[in-house]
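predicted model and sequence follow; I will ask about them next.
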Amino acid sequence: MANENEQMWQELGIDLKPHGALMTALGPMFQEIYLSQPNRPAGMGFYDFVVGDIHGIRVKELREHAKNGGKVVATYCVFVPEELVWAAGGIPVGLCAGTQFSIPMAETVLPRNTCALIKSSFGFKLGRVCPYVQASHLIVGETTCDGKKKMFEILNEYQPVYVMEVPNKKTEKSRQLWLEEVKAFKAVIEKLTGNKITAENLKQAIATVNARRQALQRLYNLRKTSPVPISGKDALLVTQVSFYDDVKRNTQMINTLCDELDKRVAAGEGVAPADAPRILVSGSPMAIPNWKLHHIIESLGAVVVCEESCTGTRLFSELVKPSPATLDSQIKAIADRYMNIHCACFTPNEDRLDDIVRLAGEYKADGVIHYNLQFCHTYATEAVRVEKRLEKEGIPLLRIETDYSDEDAGQLKSRIEAFLEMVKH
Ligand code: BJ8
């Protein structure tokens, strides 16, 4: 298997030496952060397997797909409507950008004061260490933030990149622009795959992606109970894997896990004592293998009960409205659904503040930790408004700004420990 994988990586143009170092580092890290947790649900076995073979089986599936004439479309943002890719017989893959490993590679080109997510993703391509990037036929970017959109211009010099224009406001005019962008994306995907998107195949794709969203909703609803039947780390991993695993298999695995969690809830079985502080994490997404914050919080005896982020509720809380009959109305329903993602790139973004307050209530959070990647100006500035709003609502908040390195782990630990002490009383 190892040799088979190595041959595949070689064919994909992977730089085997740094790639080997990356794989070697991931194992002990996963052991320490994940496998050491007590009382994990058996259903997490699937996710452990996926991480254990992170650049193996799934990449092989993508290669098989490509050998049969299929296309792989890589994305970096939950704004890219994956339904259109599935409908045209393509496979969308949300690219990981959560490791410190690829950042020094990116810093040889990008400014150092760029957010870790952007540097990490760019470094993967530059260093040729990610088989998912290498296996993709098209990378789809978006204009959500300045750093990303300028990085995509440079990335385009290495691999074909198509950029969708995400508006910054949610006015009628902006909605119209976005609808046109979704239509243009449909044409790009049809051209890439050579397949027509029809009312029939799009209806199927909408139903398939909605089913995964509903499975994730089910998982998150189970986290509302006390004691919590699954750790925040495990739930985060399920969401992270959803970005690149096969959508149908993933839905089935999440539902199997939820069946087990239902039994835990009925038996009053949890992963932490019922009086453990419950934390809502809100802010920037945490791409795999970024488990840093959750690990610190849960190592201190608290439990993360929800993520208001794109590796959390923003990924699945909105469904595409039940599929209307005509292709045009389906495209419109897709465009409408995506415009309900409350990313900090929008102004105003009152809906996100409402979401945080609502989620804190629904998940009975004792406090909110606002997670900000360093140099992400939209989330950092929006945190000022989050703070004001939560103060008004009487919800304790801790704002942290960090990156992927471990340099500040000690300092974060002290601040979070003090915060947990405060919310417990
Ligand atoms: S919809 S949150 S996935 S853009 S953290 S790269 S914003 S400087 S990730 Fe995001 Fe789409 Fe929005 Fe979600 Fe820029 Fe900020 Fe970095 Fe960010």
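Yep, it's here.

and the stretch 1-150 of the chain, which residues reach the ligand?
Residues of the stretch 1-150 of the chain lying near the ligand by CB under 6 Å from any ligand atom: 77-79, 115, 117-118, 144-145, 147-148. (Glycine included, C-beta is placed from N, CA and C.)

pipe those into JSON lines and attach pLDDT, secondary structure and distance to Leu155 per row.
JSON lines is the format used below for these (pLDDT from 0 to 100; DSSP: H, G, I helix; E, B strand; the rest coil; distance: CB to CB, whole Å):
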{"residue": "Cys77", "pLDDT": "97", "secondary structure": "coil", "distance to Leu155": "13"}
{"residue": "Val78", "pLDDT": "97", "secondary structure": "coil", "distance to Leu155": "19"}
{"residue": "Phe79", "pLDDT": "97", "secondary structure": "coil", "distance to Leu155": "17"}
{"residue": "Cys115", "pLDDT": "97", "secondary structure": "coil", "distance to Leu155": "15"}
{"residue": "Leu117", "pLDDT": "96", "secondary structure": "helix", "distance to Leu155": "13"}
{"residue": "Ile118", "pLDDT": "97", "secondary structure": "helix", "distance to Leu155": "10"}
{"residue": "Thr144", "pLDDT": "97", "secondary structure": "coil", "distance to Leu155": "15"}
{"residue": "Cys145", "pLDDT": "96", "secondary structure": "coil", "distance to Leu155": "15"}
{"residue": "Gly147", "pLDDT": "97", "secondary structure": "helix", "distance to Leu155": "12"}
{"residue": "Lys148", "pLDDT": "97", "secondary structure": "helix", "distance to Leu155": "10"}
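
for the residue nearest to Ser242 when sequence neighbours are not counted, what are its contacts?
Using CB to CB, 6 or more residues apart in numbering and skipping the chain neighbours, the partner closest in space to Ser242 is Asn250 (5.4 Å). Counting by CB atoms under 8 Å, 6 or more residues apart in numbering, Asn250 touches 212, 215, 241-242.

so which of those residues is the closest to Gly89?
Taking CB to CB as the measure, Gly89 lies nearest Arg212 of the contacts of Asn250, at 18.0 Å.

work out for me the element the closest one sits within.
Element membership for Arg212, per DSSP states H and E: helix 199-222.

ditto for Glu407
Short version, using DSSP H and E: Glu407 is in no helix or strand.

any idea how far Gln374 is from it?
To Gln374, Glu407 is 11 Å away according to CB to CB, to the nearest Å.

more neighbours, these two?
The residue with more neighbours, out of Glu407 and Gln374, is Gln374; 16 against 11, by other CB atoms under 10 Å.

closest to Ala235 out of the residues of the stretch 1-150 of the chain next to the ligand?
Of those, the one sitting nearest to Ala235 (CB to CB) turns out to be Val78, at 16.9 Å.

count of residues packed around that closest one?
A count of nearby residues for Val78, using other CB under 10 Å, gives 21.

go ahead and confirm it touches Cys310.
Yes - using CB atoms under 8 Å, Val78 is in contact with Cys310, at 4.6 Å.

and for those two, which residues touch both?
Common neighbours of Val78 and Cys310 are listed as 285, 341 (criterion: CB under 8 Å, 6+ apart).

return the residues in contact with whichever residue of the stretch 151-300 of the chain sits closest to the ligand.
Relative to the ligand, the nearest point of the stretch 151-300 of the chain is Ser284 (4.0 Å; CB to the nearest ligand atom). Listed by CB under 8 Å, 6+ apart, the contact set of Ser284 reads 115, 117, 309, 371-373, 376, 379.

could you give the backbone dihedrals for the residue positioned nearest the centre of the chain?
The centroid of the chain falls nearest to Thr311 when counting by CA atoms, centre = their mean (3.3 Å). The phi/psi pair for Thr311 (degrees, to the nearest 10) reads phi -100, psi 40.

separation between it and Val247?
16 Å.

cool, Asn156 as well?
From Asn156 to Val247 the distance is 27 Å (CB to CB).

more neighbours, the two?
Neighbour count, other CB under 10 Å: between Asn156 and Val247, Val247 has more, with 18 against 14.

for that one, list the residues it contacts.
82, 86, 208-209, 212.

run the chain-centre distance for the helix or strand containing Lys119.
In the assignment (DSSP H and E), Lys119 maps to helix 116-126. Centroid separation for helix 116-126 versus its chain: 15 Å, with CA atoms, centre = their mean, to the nearest Å.

next SSE downstream of it?
Past helix 116-126, the next helix or strand by DSSP H and E is helix 131-135.

same for that following helix, what does it pack against?
Counting contacts by 3 or more CB pairs under 8 Å, 6 or more residues apart in numbering; DSSP states H and E, helix 131-135 packs against helix 57-67, strand 72-75.

quick one: average pLDDT of it?
Averaged over helix 131-135, pLDDT sits at 97.

try stretch 36-55
97.

which residues touch that stretch?
Outside stretch 36-55, the residues touching it (CB under 8 Å, 6+ apart) are 5, 9, 19, 23, 26-27, 30, 34-35, 57-58, 130-132, 229-231, 233-234, 237-238, 241, 245, 253, 256-257, 259-261, 264, 269, 271, 288-289, 298.

show the buried residues in the residues you listed.
Those of those that meet the buried threshold are 5, 9, 19, 23, 26, 30, 34, 58, 130-132, 229-231, 233-234, 237-238, 241, 245, 253, 257, 260-261, 264, 271, 288-289, 298, by 16 or more other CB atoms under 10 Å.

so who does the nearest residue to Gly283 once chain neighbours are set aside touch?
In this structure, Gly283 finds its nearest non-sequential neighbour in Tyr371, 3.7 Å apart by CB to CB, 6+ apart. Shown in contact with Tyr371 (CB under 8 Å, 6+ apart): 281-284, 286, 293, 309, 400, 402.

repeat that for His295.
So His295 contacts 33, 233 (CB under 8 Å, 6+ apart).

got the residues of the stretch 301-425 of the chain near the ligand?
310, 341, 343, 345, 373, 376, 378-379.

hmm, which two among the residues you listed are most spread apart?
Within those, Ile341 and Leu373 form the most distant pair, 17.7 Å apart (CB to CB).

and the strands in the chain?
Counting by DSSP state E, the chain has strands at residues 72-75, 91-94, 138-142, 161-164, 278-283, 303-308, 367-373, 397-402.

got the ones you listed as CSV, with mean pLDDT columns?
Shown next, in CSV, are the strands of the chain (pLDDT from 0 to 100):
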stretch, mean pLDDT
strand 72-75, 98
strand 91-94, 98
strand 138-142, 98
strand 161-164, 98
strand 278-283, 98
strand 303-308, 98
strand 367-373, 98
strand 397-402, 98
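
closest to Glu181 out of those?
strand 161-164 (5.2 Å).

report all helices and strands that the closest one contacts.
Under the contact rule (3+ CB pairs under 8 Å, 6+ apart), strand 161-164 is packed against strand 138-142, helix 146-155, helix 172-193.
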